[in-house]
Structures are given as C-alpha cells and as structure tokens.
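Student: Let's see this in three dimensions:
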Amino acid sequence: MTTDIAVSVKTHYIADQSDPTDHRFVYAYTITIRNQSNIATKLLSRHWLITNGNNNVQEVRGEGVVGEQPHLEPGEEYTYTSGVVLETEIGTMEGSYQMVTDNGDTFDAQVPTFALVPPHALH
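Tutor: Residues are numbered from 1 along each chain as shown. Okay, the predicted model is just below:
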C-alpha cells in the first residue's frame, strides 16, 4: 500500500508570551497535512519528540490534533496551529501522525524535524 501524506510546518516565536528571565520561550507552529494518495485517510493520534537546547526530550502522545481527528479525502489538506513552551531559547520538534485509510490500513505519517528558533537567533 502506498500512502502519500505530505506534512509542512511553519513556526513563529511569540515574544509577548515569552519571558527569557524565567526560562520561558513560547512558539506557535502551523502544520498543513495534505492527502496526496488516492484513498481517504483519517488522522487518529499524534506523537511528538520535543527537544530543548539542553538536549532534554519531552515525549507527547495524544488523540488527534487540537481536539480534532480530521478525515482527508484525496487531494484535501488540513491546517492547524498549536504551541509549545521551551525552557531554552532554541529547540526542535519531530514526530508522526498515526493514520488510518478508509479501507482500514494503518500507518504513520512522519513529521520531519523542524527548528524552534527566535528571529534574533538566526544568522
């Protein structure tokens, strides 16, 4: 079975919710999930590995995304925005979505590693 789920990510540092003196760095991330296969697919759950600048890893698992389990017809996409708080100025996230096709096949759609970096830290 070929499953073709494309995942793209955009991140945004939220300065007004962050407090560097309190080791609080807040990021929003917007993810678009596109079903490029020829069969409808539903997102069941998510699995994240969130790594801060000290290499401390937080693992997060849960049903759906932002309280939803989107069902994507072929060619459809779903976009959502969520957030994460780090204890360090920079970090990374990576993970996967656990999916099921309308014919019952389950698979993981990988989310490539993406950086959480405030604009002033970019070179």
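
Student: can you list the residues that contact stretch 10-23?
Tutor: Stretch 10-23 is contacted from outside by 24-30, 83, 87-89, 114-119, using C-beta atoms under 8 Å, 6 or more residues apart in numbering. The way it works is simple: take the backbone N, C-alpha and C, and place the C-beta from them, glycine included.

Student: buried subset of these?
Tutor: Phe25, Val26, Tyr27, Tyr29, Glu89, Phe114, Leu116, Val117, Pro118 (16 or more other C-beta atoms under 10 Å).

Student: helix, strand or coil for the nearest residue to Asn38 once chain neighbours are set aside?
Tutor: With sequence-adjacent residues excluded and distances taken as C-beta to C-beta, 6 or more residues apart in numbering, Asn38 is closest to Pro74, at 5.2 Å. Three-state secondary structure (criterion: DSSP: H, G, I helix; E, B strand; the rest coil) places Pro74 in coil.

Student: SS state for the residue lying farthest from the centre of the chain?
Tutor: For the chain, the residue at maximal distance from the C-alpha centroid (C-alpha atoms, centre = their mean) is Thr21, at 26.9 Å. Look at Thr21: counting by three-state DSSP, its state is helix.

Student: Mind pulling up the pLDDT for it?
Tutor: pLDDT recorded at Thr21 is 96.

Student: cool, Met1 as well?
Tutor: 43.

Student: Tell me what Lys42 is bridged to.
Tutor: Bridge pairing for Lys42 (DSSP bridges) gives the partners His71, Val100.

Student: Outside of the helix or strand Gln98 falls within itself, list whatever touches it.
Tutor: When elements are assigned from DSSP states H and E, Gln98 belongs to strand 91-101. For strand 91-101, contacts defined as C-beta under 8 Å, 6+ apart pick out 1, 3, 5, 7, 25, 29, 33, 37, 39-53, 60, 65, 84, 106-116.

Student: Give the buried subset of those residues as a ChimeraX selection command.
Tutor: Of these, the buried ones can be selected in ChimeraX as follows, counting by 16+ other C-beta under 10 Å:
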select :3,5,7,25,29,33,37,39,41,42,43,46,48,50,51,52,65,84,107,109,111,114,116
